[in-house]
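A.B. asks: need a structure here:
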Amino acid sequence: MANDDVLFTGWGEVVAGREQQALAVFQETIQYWTLAQQDGRIESFEPVLLDPHGGGLAGFVLVRGERAALDAIRTDEEFQRLVARGGLIVHDFGVIPGYVGEALGRQLAHFERAASELGG
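C.D. replies: Below you'll find the predicted structure:
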């Protein structure tokens, strides 16, 4: 069963001089998500590296799972440790809940309803 809740972790360029640390933290993060998938806390994850394009986003990991499980992960101590480490080695680091599939449709319906109510 596909889950329509996601957690988006994105980052920009690596801080100059921190390239080796960035690789190490990236590997730690992949291990973290692999274990989270194996123990059933998440459904899946997909890391993506982007070609240079003049924007601030260099890559991201898209994690799928149940909203409650994703919310719990955001307060997990090991995840918080990785977030702190990531913020020190790359620019523009962020962790953001998101929606795909049917959940995206529900979010757009909320927006459409609000826009109609406000005359927009």
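
A.B. asks: please make it C-alpha for all contacts and neighbour counts, starting now.
C.D. replies: Will do.

A.B. asks: just the helices in this protein please.
C.D. replies: Assigned by DSSP state H, the helices in the chain fall at 19-38, 67-74, 77-89, 101-117.

A.B. asks: so for E13, which of these sits nearest?
C.D. replies: Across those, E13 has its closest neighbour in helix 77-89 (8.8 Å, CA to CA).

A.B. asks: which residues does A36 contact?
C.D. replies: Applying CA atoms under 8 Å, 6 or more residues apart in numbering to A36 gives the contacts I42.

A.B. asks: take the helices of the chain and write them to JSON lines, including distance to L50.
C.D. replies: Formatted as JSON lines, the helices of the chain follow (distance: least, CA to CA, whole Å):
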{"stretch": "helix 19-38", "distance to L50": "15"}
{"stretch": "helix 67-74", "distance to L50": "24"}
{"stretch": "helix 77-89", "distance to L50": "17"}
{"stretch": "helix 101-117", "distance to L50": "23"}
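
A.B. asks: make a markdown table from these and add distance to V6 and mean pLDDT to it.
C.D. replies: Converted to a markdown table, the helices of the chain look like this (distance: least, CA to CA, whole Å; pLDDT from 0 to 100):
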| stretch | distance to V6 | mean pLDDT |
| --- | --- | --- |
| helix 19-38 | 13 | 97 |
| helix 67-74 | 8 | 96 |
| helix 77-89 | 15 | 97 |
| helix 101-117 | 10 | 91 |
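
A.B. asks: how about those helices, which one is nearest G12?
C.D. replies: Between G12 and the helices of the chain, the tightest spacing by CA to CA is seen for helix 77-89, at 9.8 Å.

A.B. asks: and the closest one, what does it pack onto?
C.D. replies: Helix 77-89 sits against helix 19-38, with contacts defined as 3 or more CA pairs under 8 Å, 6 or more residues apart in numbering; DSSP states H and E.

A.B. asks: list the buried ones in the helix it packs on?
C.D. replies: Neighbour-count burial for helix 19-38 flags Q21, A22, V25, F26, T29, I30, W33, A36, Q37 (criterion: 16 or more other CA atoms under 10 Å).
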